[in-house]
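**Student:** Compute the structure for the input listed below.
(one chain, ligands or ions: 2)
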Amino acid sequence: MTDKTSATYGSVSRLNHWLGAALFASLLIVGFILSYDVLPDEQAGEMRNLHKATGTLVFFFALWRVTWRLGQGFPPAASDRAAWELTLSKLVHGAMLLALIIMPLSGILMSLMGGRGIDMYGLFTIPAFAEMKDFARSARAVHGYAAYTLATLIVLHIAGALKHAVIDRDGTLRRMLSGQAAV
Ligand code: HEM
Ligand code: HEM
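**Tutor:** Ligands and ions are numbered 1, 2, ... in the order given. Reported below is the predicted structural model:
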């Protein structure tokens, strides 16, 4: 199966992008709500379980999404860009793809190594490892730093997409929305 075209994103790539964007944006928001401790304990507990179970499923989606992108490669820029813009966009895309793996993986490790299982929507529980509190603490720190990094990159990324749409008026956003190749 191939989704490769020289100038645009095919339907698999677009589905991966927008589904991934919705899932990660929601998990980031829920994660921040949890860590800022704004909910009553009982609600926070339920929300944490949902965050963990959904994040664990999203890990498998992220593995697929990143493998697909690496397998397909990136289409060339939709319009002539300065070298620094191409480098910045490569760095941001690469860092975001890395964060898509690090976020769920660090979440899973911090829970399991911290001695807490992952309740998969009440269907079954992924059991904890033997407790490794130091590793769990490091994984917790990675989860937090990666979350702030990813959130910052997303803001930069959306600003870039809007710049392409409003100022450059090239086909960058269009090809991710409709798959129509840039002209
Ligand atoms: C898949 C993508 C995920 C994203 C985008 C995400 C995002 C976040 C964010 C933004 C925070 C708050 C971080 C902070 O302020 O320090 C957080 C906290 C947390 N995450 Fe995740 N997470 C994901 C997956 C997971 C997974 C798979 C687990 C566990 C199985 C998990 C467990 C937790 C826990 C236990 C907290 C702490 C909540 C609290 O402070 O009560 N996360 N997450
Ligand atoms: C309103 C929100 C968003 C908009 C308008 C948007 C727009 C775009 C556009 C236009 C591209 C194509 C860039 C190019 O062709 O050079 C792209 C690629 C990309 N976006 Fe987004 N994006 C959004 C949200 C997100 C989020 C939340 C994430 C991460 C969780 C993300 C991750 C990526 C990645 C990794 C790429 C590289 C190509 C790929 O693998 O899909 N985007 N985005």
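**Student:** Distance-wise, check residue 100 relative to residue 70.
**Tutor:** 12 Å (C-beta to C-beta, to the nearest Å). In short, each C-beta sits where N, CA and C put it, glycine included.
**Student:** neighbour count winner among these two?
**Tutor:** Set residue 100 next to residue 70 and count neighbours by other C-beta atoms under 10 Å: residue 100 wins out with 23 against 10.
**Student:** element containing the more buried one?
**Tutor:** helix 83-113 (DSSP states H and E).
**Student:** elements contacting that helix?
**Tutor:** helix 11-35, helix 41-72, strand 118-120, helix 133-162 (3 or more C-beta pairs under 8 Å, 6 or more residues apart in numbering; DSSP states H and E).
**Student:** Identify each buried residue in it, please.
**Tutor:** 85, 89, 92, 95-97, 99-100, 102-113 (16 or more other C-beta atoms under 10 Å).
**Student:** In three-state terms, label residue 80 for me.
**Tutor:** coil (DSSP: H, G, I helix; E, B strand; the rest coil).
**Student:** any chance of the helices and strands packed on helix 83-113 in JSON lines, plus distance to ligand 1 and mean pLDDT?
**Tutor:** JSON lines is the format used below for the helices and strands packed on helix 83-113 (distance: least, C-beta to the nearest ligand atom, whole Å; pLDDT from 0 to 100):
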{"stretch": "helix 11-35", "distance to ligand 1": "2", "mean pLDDT": "98"}
{"stretch": "helix 41-72", "distance to ligand 1": "3", "mean pLDDT": "97"}
{"stretch": "strand 118-120", "distance to ligand 1": "5", "mean pLDDT": "98"}
{"stretch": "helix 133-162", "distance to ligand 1": "3", "mean pLDDT": "97"}
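**Student:** Which one, of these, ends up nearest to residue 78?
**Tutor:** For residue 78, the closest of the helices and strands packed on helix 83-113 is helix 133-162, at 11.0 Å, according to C-beta to C-beta.
**Student:** Identify each buried residue in the helix or strand just after the closest one, please.
**Tutor:** Going down the chain from helix 133-162, the next helix or strand is helix 172-177, by DSSP H and E. Neighbour-count burial for helix 172-177, counted by 16+ other C-beta under 10 Å, picks out 172-176.
**Student:** who touches helix 172-177?
**Tutor:** 7-9, 14, 17, 75, 77-79, 161-162, 164-165, 180-182 (C-beta atoms under 8 Å, 6 or more residues apart in numbering).
**Student:** Using ChimeraX, make a named selection holding only the buried ones among those residues.
**Tutor:** Filtering the contacts of helix 172-177 down to the buried ones (16+ other C-beta under 10 Å) takes a single ChimeraX command:
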select :8,9,14,75,77,78,164,182
